[in-house]
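> okay, sequence plus prediction incoming.
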Amino acid sequence: GQSLEQPSEVTAVEGAIVQINCTYQTSGFYGLSWYQQHDGGAPTFLSYNGLDGLEETGRFSSFLSRSDSYGYLLLQELQMKDSASYFCATPTGGFKTIFGAGTRLFVKA
Amino acid sequence: DTEVTQTPKHLVMGMTNKKSLKCEQHMGHRAMYWYKQKAKKPPELMFVYSYEKLSINESVPSRFSPECPNSSLLNLHLHALQPEDSALYLCASSQDPGGNQPQHFGDGTRLSIL
């Protein structure tokens, strides 16, 4: 089967850096994506890693290590508006994407 | 606001009603998706349309019936739903059906079954 594991909750303070980890077990691997979803809102695509290494988009970066079946999302200079759920997701090789259970990030003042 | 538009935003219906959810995108995307999301859970895939053809049906009960009238529109017809079908229904689209393409989600329809 295919599965993704990520922590259920993370708490950090405004201005800090937080890392949300995702480990995966897949029969094939076609990359790792990250989505953000605020309460009551739509999931929003943040980043995609198809190859090992770091992808940077503003305050957000995502990292992938295929040999370790592991990736993470790094959020820098945390702001209150970053409080949301973050999902890692991976395609299954067909047209399907599966999502991790999600990590709820709480940013405190 | 998102580039994928879903209507209605909220829907309350009885178990004997028939209703439809609508989704529209004008980004020229060729893949469209329906997801179901329960509170504090990830989106669960229901259907995938690729180039207007149904490509994936994730063993969804027949009381949910998808339709793709053209490349910009996606409908989900509902009939004889159960209380456990109450959830947020999300539509998404991507440029191509390849799984590494970013998916653009609508704001969803919050469905309540009485």
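Received it, and whenever you're ready, just let me know what you need. It should be emphasised that the depicted structure is a prediction, and the values quoted were computed from it without experimental measurement.

> what bridges to B:Cys91?
Assessed by DSSP bridges, B:Cys91 has beta-bridge partners B:Trp34.

> my guess is it contacts B:Cys23, does it?
Yes - with contact defined as Cβ atoms under 8 Å, B:Cys91 reaches B:Cys23; the gap is 3.4 Å. C-beta coordinates here come from the backbone N, C-alpha and C atoms, glycine included.

> quick one, which of these two is more surrounded?
B:Cys91 (29 against 26; other Cβ atoms under 10 Å in any protein chain shown).

> what's the local residue count around B:Asp69?
No, residue B:69 isn't Asp; it's Pro. So B:Pro69, with other Cβ under 10 Å, has 10 neighbours.

> pull the contacting residues for it.
B:Asn75 (Cβ atoms under 8 Å, 6 or more residues apart in numbering or on different chains).

> same check on B:Pro8?
B:21, B:109.

> now it: how far from A:Tyr70?
41 Å (Cβ to Cβ, to the nearest Å).

> partner strands of the helix or strand of chain B at the bottom of the mean pLDDT ranking and their direction?
Using mean pLDDT, DSSP states H and E, the weakest-scoring helix or strand in chain B turns out to be strand B:53-57, at a mean of 92. Sheet pairing of strand B:53-57 (DSSP bridges) gives strand B:44-50 (antiparallel).

> all strands of the chain, in order?
You didn't say which chain, so I picked chain A. A:3-5, A:9-13, A:18-25, A:32-37, A:44-49, A:53-57, A:60-65, A:70-75, A:84-91, A:97-99, A:103-108 (DSSP state E).

> meant chain B, my bad for not saying
B:4-7, B:10-13, B:18-25, B:31-37, B:44-50, B:53-57, B:64-70, B:73-79, B:87-94, B:104-105, B:109-113.

> what about the least confident helix or strand of chain B, distance to the chain center?
Its chain's C-alpha centre and that of strand B:53-57 lie 13 Å apart, by Cα atoms, centre = their mean, to the nearest Å.

> what's the angle between it and strand B:31-37?
30 degrees (axes from the mean of the first three to the mean of the last three Cα atoms, to 10 degrees).

> which residues are in contact with strand B:53-57?
With Cβ under 8 Å, 6+ apart as the criterion, strand B:53-57 contacts A:94-96, B:45-49, B:66, B:68, B:97.

> buried subset of those as a PyMOL selection?
Here is the PyMOL selection string for the buried members of the contacts of strand B:53-57, based on 16 or more other Cβ atoms under 10 Å in any protein chain shown:
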select buried, (chain A and resi 95+96) or (chain B and resi 45+46+47+48+49+66+68+97)
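
> dump the residue contacts of B:Lys22.
Neighbours of B:Lys22 in contact, by Cβ under 8 Å, 6+ apart: B:6-7, B:73-75.

> with that, I have no additional questions.
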